[in-house]
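> here's a sequence, model it:
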Amino acid sequence: MNKFFKLFLVLFIASISAFSQDGFDEPVTWKTHAEKINETEYYLVFEAEIEDKWHLYSQYNPEGASLPIEFDSEQKGKLFDFVGKALESETHKEFSEVWKKEEIFFSKKGTLKQKIKLLKSDVKEVEITLYGQACKKSCVQIEKTAKFDLSKAISIKEITTDNLDAFSISNNKTTKNTKLNDDNPIIFTTSVEKINDKEYYLVYKA
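Below is the predicted model of the structure:
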């Protein structure tokens, strides 16, 4: 019996290893950072890398289908409030034979920017959790909790139609100041990202 048990244990460990290497147990990996709009408003950014052929479902995925992304935090209403739904990068649509509905999802990569408004002036760090679902032939629940050091947030400037003429606007257009000298000791890279048809924001990176 001892030999049979050892054989079973070896086969079990091997199967678990193969299961993990296939990427099934972690089909989505994340990078996070914070962007500062002003003294009280920030974007908390989640960037997803998604395994091939897996789908991560949008906040706007219809009810009665795969679970949509949601954000939550125990600090909500105490240190900060969420401002609307998160901004989303490009998503895709496809009819699901399982749910008989058109689903909305990220494929290969996706970015979500959840806007928050601080309720206290001395808040230095916030923590939020993203919940969701990723599916291929089967589905796994997604739960990503991230802490954001607001002192390290990248400063950005929101742009509206009132000041569009001051900038050359196009989606994800990047410009760079390349003249580094005594009068200009810092090189800035700026990029413009579209929020909606009326709002944009300009990102400065030094």
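> helix, strand or coil for G64?
coil (DSSP: H, G, I helix; E, B strand; the rest coil).
> care to break this structure down by domain?
Domains of the chain are assigned by automatic domain parsing as 26-151, 155-205.
> show me where this protein has helices.
Taking DSSP state H to define them, one finds helices in the chain at 2-21.
> mind listing what V83 touches?
Applying Cβ atoms under 8 Å, 6 or more residues apart in numbering, one finds that V83 lies in contact with E41, K115, I116, K117. Where you see a C-beta, it was placed from the backbone N, CA and C, and this is true even at glycine.
> return the distance of it relative to F148.
Counting by Cβ to Cβ, to the nearest Å, the gap from V83 to F148 is 15 Å.
> quick check: bridge partners of E103?
Taking DSSP bridges as the rule, E103 bridges to E94.
> ok, back up a step: quick one, which of the domains of the chain is packed in tightest?
Mean neighbours per residue, mean count of other Cβ atoms under 10 Å, is largest over the domains of the chain for domain 26-151, with a mean of 16.
> which stretches of the chain have low pLDDT?
Applying pLDDT under 70 to the chain flags the ranges 1-25, 158-206.
> go again using 50 as the cut-off
Applying pLDDT under 50 to the chain flags residues 1, 3-23, 163-164, 166-179.
> re the thing from before, closest to D52 out of the contacts of V83?
Relative to D52, the closest of these is K115; by Cβ to Cβ it sits at 30.9 Å.
> confirm for me that the closest one is in contact with Y43.
Yes: counting by Cβ atoms under 8 Å, Y43 is a contact partner of K115 at 5.6 Å.
> what do these two both touch?
Any residue near both K115 and Y43 by Cβ under 8 Å, 6+ apart counts here, and that gives I37, L87.
> who are the contact partners of E70?
E70 neighbours (Cβ under 8 Å, 6+ apart): Q59, L130, Y131, G132.
> with distance to I69 added, can I get those residues in CSV?
As requested, these are exported to CSV (distance: Cβ to Cβ, whole Å):
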residue, distance to I69
Q59, 5
L130, 6
Y131, 7
G132, 4
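> which of those residues sits closest to I104?
Among the contacts of E70, and counting by Cβ to Cβ, the member closest to I104 is Q59, at 8.6 Å.
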